[in-house]
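Enquirer: build the 3D model from these lines:
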Amino acid sequence: MHLDPAFILASASPRRRELLQQIGCHFLVSPAEIDETVLVGESPEDYVNRMALQKALAGWHANQHKQLPVLGADTTVVLGNDIFGKPSDQADAISMLSQLSGKTHRVLSSVAMIQGDKQQVVLSETRVTFRLLGSDECHRYWQTGEPSDKAGAYAIQGLGAVFVTAINGSYSGVVGLPLAETCMLLEAFNISWWMQE
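Expert: Got it, this is the predicted structure:
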């Protein structure tokens, strides 16, 4: 028996897709392109919530003929009050990794769901601690290609795992989609998980 999709994921992220598949969700993928510029004076929390909501809204407007709820998500790395998005180039990635070296930073992951006039947003915060990183190590990591499309220039689920000495919060949130919070949203929209084909 083939199950019909229960919602639309407005993201091109293979990691979010894999996390949703991991918990047995059935969904369509329809990536949403939005302007990800941080507004003047915007807090990291407000920024990541706005990004998730805008992605969900864009996905809804593109697919409202399907009437399915749309899930949008955004994850960002925050050190102090500075937002670390995806690095623009090697120098930017090395700068981010150097600043994260030996420190604890926050990973904010927001999930939004929209269906017509109904919309909800949940926010997850995880604290991640890095060991001290050497300059040569940061350059070698860049050469692997992994940091180029990751917030904060690292992937906890990949090669970047060797940097992490401690994590307090949602591991899946650092990967890109906090699953406990996501399931709360799915439940609010009467969407099941753990579905079997």
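
Enquirer: the longest helix along the chain: how far from the chain's middle?
Expert: The residue-count maximum for a helix in the chain (DSSP state H) belongs to helix 44-63. Distance of helix 44-63 from the chain centroid (CA atoms, centre = their mean, to the nearest Å) equals 12 Å.

Enquirer: return the set of buried residues in that helix.
Expert: 44, 47-60, 62-63 (16 or more other CB atoms under 10 Å). C-betas here are computed from N, CA, C, even on glycine.

Enquirer: ok, stretch 28-48 next?
Expert: Buried-residue list, stretch 28-48, by 16+ other CB under 10 Å: 28-30, 32, 34, 38, 44, 47-48.

Enquirer: what of stretch 20-29?
Expert: Buried residues in stretch 20-29 (16+ other CB under 10 Å): 20, 25-29.

Enquirer: tabulate these (JSON lines), appending secondary structure, distance to G102 and pLDDT.
Expert: Shown next, in JSON lines, are the buried residues of stretch 20-29 (DSSP: H, G, I helix; E, B strand; the rest coil; distance: CB to CB, whole Å; pLDDT from 0 to 100):
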{"residue": "L20", "secondary structure": "helix", "distance to G102": "34", "pLDDT": "97"}
{"residue": "C25", "secondary structure": "coil", "distance to G102": "38", "pLDDT": "96"}
{"residue": "H26", "secondary structure": "coil", "distance to G102": "43", "pLDDT": "95"}
{"residue": "F27", "secondary structure": "strand", "distance to G102": "39", "pLDDT": "96"}
{"residue": "L28", "secondary structure": "strand", "distance to G102": "42", "pLDDT": "96"}
{"residue": "V29", "secondary structure": "strand", "distance to G102": "38", "pLDDT": "96"}
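
Enquirer: with respect to A155, which of those is nearest?
Expert: Nearest to A155 among the buried residues of stretch 20-29: L20, at 17.8 Å, using CB to CB.

Enquirer: isn't that closest one up against L177?
Expert: Yes - shown here, L20 and L177 form a contact pair, counting by CB atoms under 8 Å, at 7.0 Å.

Enquirer: low pLDDT regions in this protein?
Expert: 1-2, 197 (pLDDT under 70).
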